[in-house]
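# can't give you the sequence, but here's the structure:
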């Protein structure tokens, strides 16, 4: 995704893409961030910059996982989708970074099936979280307090339900990084009427 012409913050978001990611979940969030002037880098965890989504759309990522320091990002965001979620979960570097961020109190966001990764790593133990309805049991099994809201914030972790809630997740990340007014401006820019 191109960096916005005018950045409103030095904060940045790493969007991790694995083969089979859900494109709406990834790109709706990136769109909200872009509109707010927040840098969001699409980062391929695969062996090439081209990553194919769960619906067969080929996306060219900005960077390769091997070329970035995830710790330098304010937020690491995990889109869902299948088998993308399984690819993220299988990546040792991704698991290590998620665990490190949890222990240091740094921000992580996940949507749809991807919150199950956090649950399986023990990161959601005792925390409020949400996921796609098909993954709520995985949250509970990981010790989370499973919620049904569109977006759930508990400390440094933000989770969301699926493609239909992706813009709301984007708005929440804008709110956390830039405040309520900036989030409202993005809502208005996309004619959000909820």
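Okay, I see it. From a predicted model like this one, the values you see are computed outputs, not experimental measurements. Numbers count the residues shown, from 1 in each chain.

# How about the secondary structure of the residue nearest the centre of the chain?
With distances taken as C-alpha atoms, centre = their mean, residue 77 lies nearest the centre of the chain, 2.6 Å away. For residue 77, the assignment made with DSSP: H, G, I helix; E, B strand; the rest coil gives strand.

# Check which helix or strand the nearest residue to it once chain neighbours are set aside maps to.
In space, and not counting its chain neighbours, residue 77 is closest to residue 109: 4.4 Å by C-beta to C-beta, 6 or more residues apart in numbering. (C-beta placed from N, C-alpha, C; glycine too.) Under the criterion of DSSP states H and E, residue 109 resides in strand 107-111.

# outside of that strand, which residues touch it?
Strand 107-111 is contacted by residues 13, 22, 25, 29, 74-80, 98, 101-102, 117-118, 123, 131, 156-162, 165-166, 169, 173, 176 when judged by C-beta atoms under 8 Å, 6 or more residues apart in numbering.

# now do 7 Å
Contact with strand 107-111 is made by 25, 74-80, 98, 101, 117-118, 156-160, 162, 166, 169, 173, as judged by C-beta atoms under 7 Å, 6 or more residues apart in numbering.

# hang on, the earlier thing: any idea how far the residue nearest to the centre of the chain is from residue 17?
10 Å (C-beta to C-beta, to the nearest Å).

# same check, this time on residue 25
11 Å.

# What of residue 71?
Residue 71 is 19 Å from residue 17, by C-beta to C-beta.

# and what of residue 46?
8 Å.

# circling back to that earlier point, neighbour count for residue 71 and residue 17, which is higher?
Under the criterion of other C-beta atoms under 10 Å, the comparison of residue 71 against residue 17 puts residue 17 first, with 28 against 12.

# ok, residue 97 touching residue 69?
No - if you go by C-beta atoms under 7 Å, residue 97 and residue 69 don't touch, sitting 9.4 Å apart.

# who's more crowded, those two?
residue 97 (21 against 8).

# Does residue 99 fall in a helix, a strand, or a coil region?
helix.

# Report pLDDT for it.
The per-residue pLDDT reported for residue 99 equals 98.

# go on, residue 94?
pLDDT, residue 94: 98.

# which element is it on?
Short version, using DSSP H and E: residue 94 is in helix 92-104.

# for residue 187, same thing?
Assigned by DSSP H and E, residue 187 falls in helix 180-189.

# dump the residue contacts of residue 61.
17, 42-44, 49, 51.

# How much space separates it from residue 142?
28 Å.

# Once you drop chain neighbours, what's closest to residue 81?
residue 22 (3.1 Å).
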